[in-house]
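>>> Predicted structure and sequence below. I'll ask about it afterward.
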Amino acid sequence: MSRTRKWLLGAAVAVLAAAAGLAFQLWGPGLTGTREPAPAQAVFAVQLPDLQGRVQGLSQWRGRVLVINFWATWCAPCREEIPVFVRMQERHGPKGLQFVGIAIDRPEQVAAFAREFGINYPVLLGGLDTMELMRQTGNRPGVLPFTLVLDRSGRITSQTLGEIKEVKLENVIQPLL
């Protein structure tokens, strides 16, 4: 075999190895035979502590139109949209709408924020595992705020990276109520 052919063969093997490594990184669980749970299943499997330290499962709100908002007290867009969520929870809660906030922040800061903003829906405390949930449900970069809307059957119908405006959210949830 000529030197050029050996070099080309080595280069081809290197390219294939790099492609296989990239594929494994992107789709690894599928290549190993294990399956990642569907995003909605991952959502309903979550159990996080609330502001009183009691563990709450998101599955308790199955059957309602569920708006899950990932946020932090230091996030400026979060501070803009949370008053909208408070108003919408009050207005549409009796029709089957349930907001749940998942704060990625320190508990004492979250509790003070919830009091200051009059949050009238459950607030749960997320950790590093919450970042994985966000990734599984469409937020690969880990942007805050991040809002999911699930219909009554538990399907994710909307994902919003960044602040969601009231008009857009109304348009998303109205057909689901």
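That came through fine.

>>> number of nearby residues for residue 159?
By other C-beta atoms under 10 Å, 15 other residues sit near residue 159. In short, each C-beta sits where N, CA and C put it, glycine included.

>>> contacting residues for it?
For residue 159, the contact set (C-beta atoms under 8 Å, 6 or more residues apart in numbering) comprises 137-139, 146-149.

>>> Dihedrals phi and psi, residue 143?
phi -70, psi 140 (degrees, to the nearest 10).

>>> close enough to count as contact, residue 113 and residue 71?
No. Counting by C-beta atoms under 8 Å, residue 113 sits too far from residue 71 to count as a contact (9.2 Å).

>>> The two: who's more crowded?
residue 71 (25 against 21).

>>> now that one, nearest residue through space, not along the chain?
residue 78 (3.9 Å; C-beta to C-beta, 6 or more residues apart in numbering).

>>> mind checking pLDDT for the one you found?
Per-residue confidence (pLDDT) for residue 78: 97.

>>> same question, residue 92
Confidence score, pLDDT, at residue 92: 98.

>>> got a list of what it touches?
By C-beta under 8 Å, 6+ apart, the contact set of residue 92 is 65, 173, 177.

>>> Now it: which helix or strand?
In the assignment (DSSP states H and E), residue 92 maps to helix 76-92.

>>> Using PyMOL, define a selection of the buried residues within the contacts of residue 92.
A single PyMOL command is used to select the members of the contacts of residue 92 judged buried by 16 or more other C-beta atoms under 10 Å:
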select buried, resi 65+173
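
>>> and which of the contacts of residue 92 is nearest to residue 160?
Residue 160 lies nearest to residue 173 out of these, by C-beta to C-beta, at 12.0 Å.
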